[in-house]
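>>> After the sequence you'll find the predicted model.
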Amino acid sequence: MTAPLCCSVIVPTYNRVERLRHTLDSLVRQDLPRDAYEVLAIINTPVDTEAFGTACPYFEAIASWALRVFTGQAALPDRDTRAQWCRTHMDRLDDRRYHDCWLETIRIGLPAGTLPDPEQRFDDYWRLAAGQVDPAHLRPGHTGSRPAAYDDVLFDLAELKHRVLAALPGRARADLPVSGRITAADDADARGAAPGRQIAPWLPYRTRTATTEAAQ
């Protein structure tokens, strides 16, 4: 008889093969029936990321997505989509694309439903995206976040906010001031964003190469 699934064990790790083996061996030796629990090992940060940033909330975002898949609240992309992703992102490891685990956390967390939906809760989304990187900020119901430190001479955070707002569907953005999620001034500035200057909420970025312009 199959035992009911009673727990999921998520093991985030990075470059620690022996420790992972020891952890898995310890789990196998538990008294629980083998079919009463499941184990998910997240064994690396995204392809091409710098080593700095491994402690960012990337693991928490992936683990939350996995739990949502396990409980039927979210679905993985279909096999063809996953295969295309591997062809695109694993074929040229010398071509750096992902430099920052925090941006990867946002890119993955939005479609996974583990981050606030900017079309409905832009204030919560922006507080998270523009705040200090901290895994605790991904906890359900978390509302506090210290603003991130940045050079306001070289970087205009308010402009970025309005460019992201400008990328939202018109009806969704129109509802945000009504619900108090953004101010009327924010809405006006977003409407005034120059064509082609919108930035999608998942914060895509480009890198400097011989044939491209500077990153957005």
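The structure has been received and is ready for your questions. In this text the structure is predicted, and so the values were computed from the model without any measurement.

>>> Need phi/psi at residue 180.
Here is the backbone geometry of residue 180 (degrees, to the nearest 10): phi 80, psi 10.

>>> now swap in residue 39 and tell me
Per-residue torsions, residue 39: phi -130, psi 130 (degrees, to the nearest 10).

>>> Bridge partners for it, pull those for me.
Going by DSSP bridges, residue 39 is paired in beta bridges with residue 9.

>>> who touches the closest residue to residue 129 other than its chain neighbours in this structure?
Spatial nearest neighbour of residue 129, excluding adjacent residues (C-beta to C-beta, 6 or more residues apart in numbering): residue 106 at 6.0 Å. (Each C-beta comes from the backbone N, C-alpha and C, glycine too.) With contact set as C-beta atoms under 8 Å, 6 or more residues apart in numbering, residue 106 has these partners: 115, 129, 201, 202, 203.

>>> quick one: which of those residues is nearest residue 66?
residue 115 (15.0 Å; C-beta to C-beta).

>>> Can you give me every residue that contacts the closest one?
Each residue near residue 115 by C-beta under 8 Å, 6+ apart is listed here: 61, 106, 109, 125, 128, 138.

>>> what do you get if the cut-off is 7 Å, keeping everything else the same?
Going by C-beta atoms under 7 Å, 6 or more residues apart in numbering, residue 115 touches 106, 109, 125, 128.

>>> Helix or strand: which one has the third one?
To tie it back to what came earlier, the one meant is residue 125. Here residue 125, judged by DSSP states H and E, is contained in helix 122-129.

>>> where are the low-confidence patches of the chain?
The chain contains residues with pLDDT under 70 at 1-5, 14-15, 42-59, 89-101, 134-135, 139-154, 205-216.
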